[in-house]
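[1] Sequence first, predicted coordinates after that:
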Amino acid sequence: MKNDHWIDLRSDTVTQPPPDMRAAMAAAEVGDDVYGDDPTVNRLQEVMADRFGFEAGLFFPSGTQSNLAALMSHCGRGDEYLVGQDAHTYKYEQGGAAVLASIQPQPLEHEPHGGIALERIAAAIKPDDIHFARTRLLALENTIGGRVLPLDYQREATAFAHAKGLRTHLDGARIFNAIVKLGVSEPAAVAGFDSVSVCLSKGLGAPAGSVLLGSREFIGTARRWRKALGGAMRQVGILAAAGLYALEHHVARLADDHANAAFFAAALADLGLHVQPPQTNIFYVDIPAEQVAALAQHLAECGIRASVAAHMRLVTHLNLSRADVETALTAFRRFPGRLR
Ligand SMILES: Cc1ncc(COP(=O)(O)O)c(C=O)c1O
């Protein structure tokens, strides 16, 4: 089966760059970005910084590296960042901050909305004492597991962190999903954060790339770390052009992904499955443990790629149409086992 004929529910990172995006990539003006000579990268960085209301931006090959460079720019060896137990920068990046940068994570329980309670943050900030790491940073994520952090919460948490002398970083891999869902401007969506990492390769459908945003000084530091991490690339305007195309053509359409997720989730709930209703393009459904293997096989036989698990994540995206969702639903309906 050809790659683009699969119905893929695993992630919004599985998308194929559309022909017009590929044309924009092919036509990109490029230069050596390590010398700062790539006009397309420079334009992407400026566009993103302007759009989000920051002084500067820096293009990275991946969100993992952008987040890591941000943590390294905020924290030094023996410093600590406060982070949610389920946050990507803690749980899904192999502990890179600790492993590669000698930065201690202090993981904390999430609130149901995906943030961390201010009392929990306050209790986790270490006193100035030689026994403790120095708490330097609060790192949040938006969206997180498809949930949109409430703007009031973000405002309170970042103001609280600043009042306690901490810096604030947002893993905004899917911040555009939050922006479209809330109908707010980019600066409003990230107000209070000293730095934000935005992915172009998730819902926006670019093949690679993230942009880190912050003050000119912060981005200068991050540029040094990016070089040390091996993330400084040469004629990478080819990828930046995909990002610029995505910013122009793929932001407003995220509303379609949200609508497809809502439709999909409601239909699965109608089948009697326990579904966590989606806020954006990611939602979870519970599958009886004894049916996981059989459902995985059944969906694969129906031409559907899915991360089947007892708590199963389903993701809608640019290459998943309403008709694809209907096909997936038919496959769920035809599954011979008991799913409720
Ligand atoms: C919330 C979040 N942050 C960061 C990343 C890392 O991005 P990348 O895969 O580009 O390293 C991901 C990847 O899925 C993510 O979901």
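    Okay, I see it. Residues are numbered from 1 along each chain as shown.

[2] For the ligand, what's its nearest residue on the stretch 151-300 of the chain.
    Ala173 (3.5 Å; Cβ to the nearest ligand atom). C-beta here means a position set from N, CA and C on the backbone, and glycine is covered the same way.

[3] Just the pLDDT for that residue.
    Ala173 is assigned 98 on the pLDDT scale.

[4] How about Asp4?
    Asp4 is given a pLDDT of 54.

[5] Tell me the buried residues in stretch 246-253?
    246-247, 249-251 (16 or more other Cβ atoms under 10 Å).

[6] average pLDDT across stretch 102-117?
    Rounded mean pLDDT across stretch 102-117 is 98.

[7] Pull up the residues of the stretch 101-250 of the chain that are close to the ligand.
    The stretch 101-250 of the chain has residues 141, 171, 173, 199, 201, 210 near the ligand, with proximity defined as Cβ under 6 Å from any ligand atom.

[8] elements contacting the longest helix seen in the chain?
    Counting by DSSP state H, the longest helix found in the chain is helix 254-270. In terms of contacts (3 or more Cβ pairs under 8 Å, 6 or more residues apart in numbering; DSSP states H and E), helix 254-270 is packed against helix 175-182, strand 274-276, strand 282-286, strand 311-315, helix 322-334.

[9] most neighbours per residue, which of the ones you listed?
    Sort the helices and strands packed on helix 254-270 by mean neighbour count, taking mean count of other Cβ atoms under 10 Å, and helix 175-182 sits at the top with a mean of 23.

[10] check contacts around Val30.
    38-40, 235-238 (Cβ atoms under 8 Å, 6 or more residues apart in numbering).

[11] just to revisit the earlier point, and the residue lying closest to the residue of the stretch 151-300 of the chain closest to the ligand once chain neighbours are set aside, how many residues sit next to it?
    Excluding the flanking residues, the one nearest Ala173 by Cβ to Cβ, 6 or more residues apart in numbering is Cys199, at 4.1 Å. Per other Cβ atoms under 10 Å, the neighbour tally for Cys199 reads 27.

[12] Let me see the contact set for Cys199.
    Per Cβ under 8 Å, 6+ apart, neighbours of Cys199: 63, 66, 172-174, 209-210.

[13] same thing with Asp20?
    245, 249.

[14] do you know how far it is from Leu229?
    32 Å (Cβ to Cβ, to the nearest Å).

[15] just Arg174 next, same as before
    For Arg174, the distance to Leu229 - Cβ to Cβ - is 22 Å.

[16] which of those two has more neighbours?
    Arg174 (26 against 20).

[17] Now do the residue lying closest to the more buried one once chain neighbours are set aside: how many residues are near it, please.
    Excluding the flanking residues, the one nearest Arg174 by Cβ to Cβ, 6+ apart is Thr143, at 4.5 Å. By other Cβ under 10 Å, 25 other residues sit near Thr143.

[18] Which residue does the stretch 1-150 of the chain have closest to the ligand?
    Gly63 (2.6 Å).

[19] Tabulate the helices and strands packed on helix 254-270 in a markdown table, adding columns for distance to Gly84.
    Shown next, in a markdown table, are the helices and strands packed on helix 254-270 (distance: least, Cβ to Cβ, whole Å):
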| stretch | distance to Gly84 |
| --- | --- |
| helix 175-182 | 16 |
| strand 274-276 | 17 |
| strand 282-286 | 16 |
| strand 311-315 | 17 |
| helix 322-334 | 30 |
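
[20] and the residue nearest to Arg174, what is it in contact with?
    114, 149, 174-175, 177-178, 181, 279-280, 282.

[21] which residues are in contact with the lengthiest strand in the chain?
    Assignment by DSSP state E gives strand 134-141 as the longest strand of the chain. Strand 134-141 is contacted by residues 71, 74-76, 78-84, 87-90, 106, 114-116, 121, 124-126, 128, 149, 154, 157-158, 161, 166-173, 193 when judged by Cβ under 8 Å, 6+ apart.

[22] 6 Å instead, please
    74-75, 79-83, 87, 89, 125-126, 161, 166-171 (Cβ atoms under 6 Å, 6 or more residues apart in numbering).

[23] Buried ones in whatever helix or strand comes next after that strand, by neighbour count?
    Next along the chain after strand 134-141, taking DSSP states H and E as the criterion, comes helix 151-163. Within helix 151-163, the residues that count as buried by 16+ other Cβ under 10 Å are 151, 153-154, 157-158, 160-161.

[24] just the angle between the one helix or strand Ala241 maps to and helix 175-182, please?
    Ala241 is part of helix 237-249 when elements are defined by DSSP H and E. Helix 237-249 and helix 175-182 meet at an angle of 0 degrees, taking axes from the mean of the first three to the mean of the last three Cα atoms, to 10 degrees as the criterion.
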